[in-house]
Each structure stands twice: as structure tokens, then as C-alpha cells.
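S.K.: here's a sequence, model it:
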Amino acid sequence: MSFDDVRDRLAGTGASLRAAVPLAELTTLRVGGPAIVAECATTDSLVATVRALDAAGIPVLLIAGGSNLLISDAGFPGVAVRIANAGVELGDDFLIAEAGANWDAVVAKSVAAGRGGLECLSGIPGSAGATPVQNVGAYGVEVAALLRRVRLLDRASGAIRWVEPGELGFGYRTSVLKHSAAAVVLAVEFALRADGSSAPLGYRELASALDAQEGESRPAELVRAEVLRLRASKGMVLDAADHDTWSAGSFFTNPVVPDNRVASVRAAIAARLGEDVTVPTWPVDGGVKFSAGWLIERAGFAKGFPGTGAPARLSTKHTLALTNRGAATAEQLAELAREVRQGVAERFEIHLEPEPVTVGVAL
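M.R.: Purely as a prediction, here's the structure:
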């Protein structure tokens, strides 16, 4: 497959083509080798481009904000389709965002217009279209609770339709859209609170900072400001000058241990740390959710591990983030992820699941 072949296939789609683009330029981890990039600034262009590439049997990698991707140093042997449609429609109690819209800008627009509901998801990097794919959540709020519907392109049939939340199989940081190439998200619609109040506060740290009880609401603009402050203190708001933010956010999800294994996991933790240790956990259907950050740190991986000079390190502010200190490769980040995951498994009998989607990288 040559650049000329791709250009011919995509003639008339409206896509803007570039050859041998380092995909590191398009990801928040700032790693990834070269690929042909087709940028689509409109939904029509995105649909036409994906359809043309699929018809030609050319591999497709969809990229929007690039905040949840770890891409191989070898790049991608196909076409990276850059989703850049960014329209936003705001109503009294709803918001429709095209898939390529910057997510934090979407949240900011809703709050500035006096609408509530999305404020706890402030500061999360990436695009609007990615939010239902991994059921993005933070500070006690998940996308699944706010979503009205998602507009999808079915790649097998070519059909476009709006899909209700019940069809998307939402779970903790997942949906039927994640790790699947069957559909492309074109737009997302969310329910908003017309009175400008926040979603009920469900995260103790945030509620306490706002002098509120869990379950209460506060003005959305106040909640957004506090969420941004808290995220920035943990290196979770993008800043080109701060290598702690050269990351994919939380690299591992909080593990959910099924009920029939909880006792053995607690015993493994007690054997390592003592019977009186207090473990941060939350009850969930069918099991118990453990804090991945707490487990990582107690397994011996402190903030900043493995130390100054390493090109790939844990964030100095948050043990859940794997960071590129400026010149890390994808393989160096993968090595660090494997070391942390193995260490937690050996000490506490818990297997951590990576949150980012990997492309050509084995974890």
C-alpha cells in the first residue's frame, strides 16, 4: 500500500492526507511510529473515508484526542483516520457533540451556558466520541449515567443510526464499543441539568472540598473549578511543560475482585502489610473494587518509579499514571507497565487491567 494508492482511494472524500506522520504527534503519551494520516474535518468526510478504506481492505486506526492510546514505535501499517469533526449543539437540557470535539471544551461550553451535569468530567483529555467507548468516569460520575444516545456508523453494513444506551453494554470503563472495530462513533448526545446545578456529588474528596455532603449538588461552575484544581494537583490536566501530564491518564483500571476471591486477596494483602492495614475498597455488583493506585504504591512502586533519569516513569504526582519524561519509546512504557502489573500480581494476587488501547504493543 503506497501513499498514492491511498490518495486515489480517498479522492472525493474530503479527507486531508499526509504521509509518514509520526503518530506520537497525535497522542498524549507522545509515542508512536509513522503512518499515513487522513484527517476528516466533517462527519460526511469521516463516513466517506472509513467506507472507502474498508471497501479497499486497508487497515484503519481511528484517532481523535489520542489520550487513550499506546501505539507501537513501528507505527501503523495502514491509515490513521484523524477524527476532527467538532460541532456542538446546545439545548436547554441536552448537548450533542460531534465525535472529534475536544471533550473539556464541550464541558466548558455546557457550564458557561448555565447547564449542569458534565462538570465532574472536566479536565479529561480526549474527544467527545471516545467518552462512551470506555464509559469515561471521574469523581463519582460516569458517561453512562448522562448519555441519551450515540450516533454510530456500522462498518459492516454502512448504515448510520442513533443507538440508545441500553444497546452499548456499559460497564466499569468499558462498553461494547471498546476493543471493537465494528462501529465508528460520529456524535454523542447527553442530558443536561437546565438549572445549572451539578450532578449529585458522589465522591467524598470532591464533596468535602466543596463543603457539601455526598448526594448534594452545587453550582456546576464551582464544581468544575474544583475538579480542575484536584486533577491538576495529580498531574491529570494536560500541560506541555509538565511531563507528569505526558500520559494516558490512569493506565490501569481499579480492579474488581469477584466475591469468591475477596477473602484470599485480603489475606495476601494482610500477609504483606499486616492485619490492621486499611484497604480502600468499594462494593460493586458481584465483587469488591480495590484501589489500583493504592495497590501499586504498596507493592513497592512509589511515585516517580523507577527514578530520575528513566525515560518512562510513574508520575511524580499519581502512581496510576505512566509518563513519558520526554524521550520514552512505546516499548519502554510497555516494559514499565508489565513490571508494575507483575509486581502487584505477585504481592497481592490481583491482576491489573490496562485502560489504554494498545496498537502493536504487547502488555
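
S.K.: so what's residue 103 up against?
M.R.: Residues near residue 103 by CB atoms under 8 Å, 6 or more residues apart in numbering: 65, 121, 124, 125, 126, 127, 128, 130, 131, 136. (C-beta placed from N, C-alpha, C; glycine too.)

S.K.: which one (most neighbours) among these?
M.R.: Using other CB atoms under 10 Å as the neighbour test, the contacts of residue 103 are led by residue 128, with 31 neighbours.

S.K.: measure it to residue 86 for me?
M.R.: Distance of residue 128 to residue 86, computed by CB to CB, to the nearest Å: 9 Å.

S.K.: which residues are in contact with each of the two?
M.R.: With CB under 8 Å, 6+ apart, residue 128 and residue 86 have common neighbours 98, 100, 101, 102.

S.K.: tell me the contacts of residue 171?
M.R.: Contacts for residue 171 (CB under 8 Å, 6+ apart) come out as residue 135.

S.K.: ok, for the residue most central in space within the chain, nearest residue in space, not its chain neighbours?
M.R.: The chain has residue 68 as the residue nearest its centroid, 4.6 Å off, counting by CA atoms, centre = their mean. With sequence-adjacent residues excluded and distances taken as CB to CB, 6 or more residues apart in numbering, residue 68 is closest to residue 356, at 4.9 Å.

S.K.: most distant residue from the centre of the chain?
M.R.: residue 275 (35.4 Å).

S.K.: mind listing residues that contact stretch 200-209?
M.R.: Stretch 200-209 is contacted by residues 120, 139-141, 210, 212-218, 223, 226-227, 229-230 when judged by CB under 8 Å, 6+ apart.

S.K.: one more: stretch 85-92?
M.R.: By CB under 8 Å, 6+ apart, stretch 85-92 touches 40-43, 45-46, 95-102, 106, 109-110, 113, 115, 186, 192, 194.

S.K.: who wins on neighbours among the shared contacts of residue 128 and residue 86?
M.R.: residue 100 (27 neighbours).

S.K.: name the SS class of that one, please.
M.R.: Assigned state for residue 100: coil (three-state reduction, DSSP: H, G, I helix; E, B strand; the rest coil).

S.K.: excluding its backbone neighbours, what's nearest residue 14?
M.R.: Using CB to CB, 6+ apart and skipping residues adjacent in sequence, the residue nearest residue 14 is residue 45, 3.6 Å away.

S.K.: let's see the pLDDT reported for that neighbour.
M.R.: Listed pLDDT for residue 45 reads 98.

S.K.: measure how far the host helix or strand of residue 105 is from the centre of its chain, please.
M.R.: Assigning secondary structure by DSSP states H and E places residue 105 in helix 103-112. Between the centre of helix 103-112 and the centre of its chain there are 17 Å (CA atoms, centre = their mean, to the nearest Å).

S.K.: okay, now the sheet partners of the next helix or strand after that helix, with direction.
M.R.: Tracing the chain past helix 103-112, the next element assigned as helix or strand by DSSP H and E is strand 137-138. Strand pairing for strand 137-138, determined by DSSP bridges: strand 141-142 (antiparallel).

S.K.: all good on my end, thank you.
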